[in-house]
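Engineer: any chance you could fold what I've pasted below:
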Amino acid sequence: MDASFVCSLGEAKLCDFGISSDLKRGQIRKTVIGTPYYLAPEVIQEVGYDFKCDVWALGISCIEMAEFNPPLHDAHPMRVLFMVP
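Structural biologist: So this is what the prediction gives:
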């Protein structure tokens, strides 16, 4: 479920619970799913990742809000998978 909207106070609300998991301290995931523009390098390389990849995705979301497009938006999504790492 993806959702985004601006409330009556002008606050942006964003969420994405499409593939969510409760990671315990030190736990690592190895699934690769998501929009390539928002995937952290360690997710694309399938070396295992933790909560830090969410910080990466948040940073990309901030760039998109500021510039109206994520980085590499003009590249084909499959090409982005090779460009990000």
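
Engineer: element containing residue 60?
Structural biologist: Assigned by DSSP states H and E, residue 60 belongs to helix 52-67.

Engineer: pLDDT of stretch 55-74, averaged?
Structural biologist: The pLDDT scores in stretch 55-74 average 90.

Engineer: got the contact list for that stretch?
Structural biologist: With CB atoms under 8 Å, 6 or more residues apart in numbering as the test, stretch 55-74 has contacts from 12, 14, 34, 37-40, 80, 83-84. C-beta coordinates here come from the backbone N, C-alpha and C atoms, glycine included.

Engineer: where does pLDDT dip in the protein?
Structural biologist: 1-5, 14-32 (pLDDT under 70).

Engineer: where do the helices sit along it?
Structural biologist: Under the criterion DSSP state H, the chain contains helices at 41-44, 52-67, 77-83.

Engineer: tally of neighbours for the nearest residue to residue 37 once chain neighbours are set aside?
Structural biologist: Leaving aside its chain neighbours, residue 37 sits nearest to residue 70 (4.2 Å; criterion: CB to CB, 6 or more residues apart in numbering). By other CB atoms under 10 Å, 18 other residues sit near residue 70.

Engineer: what does residue 72 give?
Structural biologist: Neighbours around residue 72, by other CB under 10 Å: 15.
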